[in-house]
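Novice: okay, predicted coordinates and the sequence, questions at the end:
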Amino acid sequence: MKLCCVPVPTHAVFALTCVFVISASAQQGEVESGTRRKVKRLLSFQRYCHASRLLRGLVPHTPGSLHLLDDDYLGQAAHMLSKVGTWNFDIFLFDRLTNGNSLVTLMCHLFNVCGLIHHFQLDMVKLHRFLGMVQEDYHSQNPYHNAVHAADVTQAMYCYLKEPKLAEQLSPLDVFLGLMAAAAHDVDHPGVNQPFLIKTRHHLASLYQNTSVLESHHWRSTVGMLRESGLLSHLPADISQDMEQQLGSLILATDISRQNEFLLTFREHLDNQDLDLQLASHRHFMLQIALKCADICNPCRVWELSRQWSERVCEEFYRQGDLERKFDLEISPLCNQQADSVPAIQIGFISYIVEPLFEEWHRFTEPSLLSQTMMGHLHKNKARWSCLRCAHTPSDVQAHSHADEPNPKGGGGEGENIP
Ligand SMILES: [Zn+2]
């Protein structure tokens, strides 16, 4: 098994040490008092997650609330799960049917159908606890970066893992990591981007030296929750540590400022036809690409779903813009509701971020019905946004709009506002 090494910044040592201490001590006693547990949490890296949860005023709940639902809703949710591998899966409907538990319900189902619970001898109680923590640490107030987005990315990831070109080569560990990374890739997202965290001198920005700040936080939070839940505690330490590192490498790959780096490497592999999926390192690279595709696949969905995601992500941008205006900060690109329309933002996003990646994914998966379907939606949705922009944008704003031009590298990097 190849160890994927991810450099850990020295400034994270304190936080990491805390996590290690907690993990080690958690193994010493099965049962801890509530007070001791709270004190440990205060000392841990996870204090950010829990503090932010408290600040948000969320009442902790467990996914066990499912039993409160009407049988009819559960029946419909179960019916939807029988079609979880189809591309027109409506994650918004599924979230309503599961009473806001789409991520936990989906992950339990996928782990089951993929045989991961059996293969890794996972304890269902621990799995449920871990998934509950992950779901709860997504901010439900975020219009876009919430647990439904995570569930949507996980569902897309499952579809991609089933692509014949990949599926035939993937090991249970690859599938496990792919689904886990998808579910946790944006956990505890604050609803603002990295440049915002840097210019407001957020503690996470200094902790991660202004580099992949959010992605590092998503990964480290995931590791903390894995250890707190004890989900992998029955595995040998070297195996579970390798899993944590690989999860990190996958989640860090979703940093959109690294888009070109991954795109160029992917294109080069396809041009040279040198991808050998029998190699663990090449399979890992393809998991990174698959997760990146899943993360930005909204424009490849059917219009009705795609439109909702577009409006949500723009709403999140505009909220950041409003915050910046309120605190006399420079308004970030794409965050000015008066200047940056939803259609203009979407056309830019599709043209410069989504299309180039999915063209290569299409090339990799060929012949793939799913990729054909996605490309069809992508082109239709782009045309639809173009019509909407022409119909609704006043000519003077249209002439000055910069949202559909390539974002010159600067500030936070290209595509800095894109999820
Ligand atoms: Zn995401």
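Specialist: Sure thing, it's come through.
Novice: report the next helix or strand after the helix or strand encompassing Arg129 in sequence order.
Specialist: Secondary structure from DSSP states H and E places Arg129 in helix 124-137. Downstream of helix 124-137, the next assigned helix or strand under DSSP H and E is helix 147-161.
Novice: now the angle between helix 124-137 and that following helix, please.
Specialist: Helix 147-161 runs at 120 degrees relative to helix 124-137, counting by axes from the mean of the first three to the mean of the last three Cα atoms, to 10 degrees.
Novice: quick one: average confidence on helix 147-161?
Specialist: Mean pLDDT, computed over helix 147-161, is 98.
Novice: do the same with stretch 301-320
Specialist: Mean predicted confidence for stretch 301-320 is 98.
Novice: hmm, who's touching it?
Specialist: The contact list for stretch 301-320 (Cβ atoms under 8 Å, 6 or more residues apart in numbering) reads 87-88, 90-92, 142-145, 149, 152, 191-193, 196, 298-300, 332, 334-337, 340, 342, 345-346, 377, 380-381, 384-385, 417-419. Quick note: C-beta positions are derived from backbone N, CA and C, even for glycine.
Novice: go again using 7 Å as the cut-off
Specialist: If you take Cβ atoms under 7 Å, 6 or more residues apart in numbering as the criterion, stretch 301-320 is touched by 88, 90, 92, 142-145, 191-193, 196, 298-299, 332, 334-335, 337, 342, 345-346, 377, 380-381, 384, 417, 419.
Novice: filter those down to the buried ones, ChimeraX style.
Specialist: In ChimeraX, a selection of the buried entries from these looks like this (16 or more other Cβ atoms under 10 Å):
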select :90,92,142,143,144,145,191,192,193,196,298,299,332,334,335,337,342,345,346,377,381,417,419
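Novice: do you know the pLDDT at Cys390?
Specialist: 91.
Novice: tally of neighbours for it?
Specialist: Neighbour count of Cys390, defined by other Cβ atoms under 10 Å: 11.
Novice: centre of the chain to the helix or strand where Trp219 lies, how far?
Specialist: Using DSSP H and E, Trp219 sits in helix 213-229. Distance of helix 213-229 from the chain centroid (Cα atoms, centre = their mean, to the nearest Å) equals 12 Å.
Novice: what bits of this structure have low per-residue confidence?
Specialist: 1-70, 392-419 (pLDDT under 70).
Novice: that one: strands as residue ranges?
Specialist: For the chain, strands defined by DSSP state E do not occur.
Novice: quick check: domain ranges of it?
Specialist: Taking automatic domain parsing as the domain assignment, the ranges for the chain are 1-68, 69-295, 303-417.
Novice: highest average neighbour count across those domains?
Specialist: Among the domains of the chain, domain 69-295 has the highest mean neighbour count (mean count of other Cβ atoms under 10 Å), at a mean of 19.
Novice: and stretch 188-205, end to end?
Specialist: With Cα to Cα, to the nearest Å applied, stretch 188-205 spans 14 Å between its terminal residues.
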